[in-house]
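Asks: below are the sequence and a predicted model; questions follow.
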Amino acid sequence: NAGVTQTPKFQVLKTGQSMTLQCAQDMNHNSMYWYRQDPGMGLRLIYYSASEGTTDKGEVPNGYNVSRLNKREFSLRLESAAPSQTSVYFCASSDIGTVNNEQFFGPGTRLTVL
Amino acid sequence: KQEVTQIPAALSVPEGENLVLNCSFTDSAIYNLQWFRQDPGKGLTSLLLIQSSQREQTSGRLNASLDKSSGRSTLYIAASQPGDSATYLCAVSSNDYKLSFGAGTTVTVRA
């Protein structure tokens, strides 16, 4: 099992450009999450999808959109990138309803907006 | 809103010493608490998960305790090794399963 995979690993954008970060999981989890990590801060939740067909805002959703394409895939889109969106983005998945509901994380996408 | 704090932000110890990492949270209505390890430039690796009904969990040299009423968890790493050098993150799950993270404790184990 690959677990949670993310593409791309690195990306540099200019202000105003758009891009989509891709995430896929092969653990048959029903829930998926997007976080961002900034220096000196913990991870903050951007959006999550509790189950296929549903998405909800997290703590810092402004400037982002998401799509739960199917049970495996959850993408994050920046429509008009801003320097404040320079960060490391992590995707995670979990199986809500199990005893543990442990979250598993991908390797991250390091995004720089110039 | 759940606030998670980890003190100290950084810790340096000689090899062989036991590590004690602290995590505190403001809302005791939690579902579970996870400890993660993060190596520089890498993703998060789950170390231990404690359910709200549990007091502790153990895995090898790692032991995590949970005192929900006082809003505290402690991660103990016995007989530290240079390979334990990393950032350790504490995350608390609310009853709707979203995680709130602390900023982490960066550990350096000196050979």
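Replies: Received, thanks.

Asks: for the rest of this, base every contact and every neighbour count on C-alpha atoms.
Replies: Will do.

Asks: close to chain B, is stretch A:17-35?
Replies: No - residues of stretch A:17-35 are not located near chain B by C-alpha under 8 Å from any C-alpha of the partner chain, the shortest gap being 8.7 Å.

Asks: interface residues of chain B facing chain A?
Replies: Contact residues (C-alpha under 8 Å from any C-alpha) of chain B with chain A: B:32, B:34, B:42-46, B:49, B:51, B:89, B:97-104.

Asks: how about the secondary structure of the closest residue to B:Ile7 other than its chain neighbours?
Replies: Closest residue to B:Ile7 apart from its sequence neighbours, by C-alpha to C-alpha, 6 or more residues apart in numbering or on different chains: B:Asn22 at 5.9 Å. What DSSP: H, G, I helix; E, B strand; the rest coil gives for B:Asn22 is strand.

Asks: okay, and the beta partners of B:Asn22?
Replies: Here B:Asn22 sits in beta bridges with B:Ile7, B:Thr74, as judged by DSSP bridges.

Asks: residues touching it, list them.
Replies: B:6-8, B:72-75 (C-alpha atoms under 8 Å, 6 or more residues apart in numbering or on different chains).

Asks: again, 10 Å this time
Replies: Residues counted as contacts of B:Asn22 (C-alpha atoms under 10 Å, 6 or more residues apart in numbering or on different chains) are B:5-9, B:64-65, B:72-76, B:89-90, B:104-105.

Asks: of the residues you listed, closest to B:Asn18?
Replies: Minimum distance to B:Asn18 across these is 7.1 Å, recorded for B:Tyr76 (C-alpha to C-alpha).

Asks: that closest one should be in a strand, yeah?
Replies: Yes - with three-state DSSP as the criterion, B:Tyr76 is part of a strand.

Asks: ChimeraX command to pick out the buried ones of the residues of chain B next to chain A?
Replies: Command for ChimeraX, covering only those of the residues of chain B next to chain A found buried under the criterion 16 or more other C-alpha atoms under 10 Å in any protein chain shown:
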select /B:32,34,43,44,45,46,49,51,89,97,98,99,100,101,102,103,104
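
Asks: restricted to strands, list the residues of chain B next to chain A.
Replies: If you go by DSSP state E, the residues of chain B next to chain A have B:32, B:34, B:44-46, B:49, B:51, B:89, B:99-101 in strands.

Asks: biggest separation within those, which pair?
Replies: Maximum pairwise distance in those, criterion C-alpha to C-alpha, is 19.3 Å, between B:Leu44 and B:Gln51.

Asks: list, one by one, the residues from chain A near chain B.
Replies: By the rule C-alpha under 10 Å from any C-alpha of the partner chain, the part of chain A lying against chain B is A:31, A:33, A:35, A:37-45, A:48, A:50, A:58-59, A:88-92, A:94-97, A:99-110.

Asks: buried subset of those?
Replies: In those, the ones that pass as buried (16+ other C-alpha under 10 Å) are A:31, A:33, A:35, A:37, A:42-45, A:48, A:50, A:58, A:88-92, A:94-96, A:100-110.
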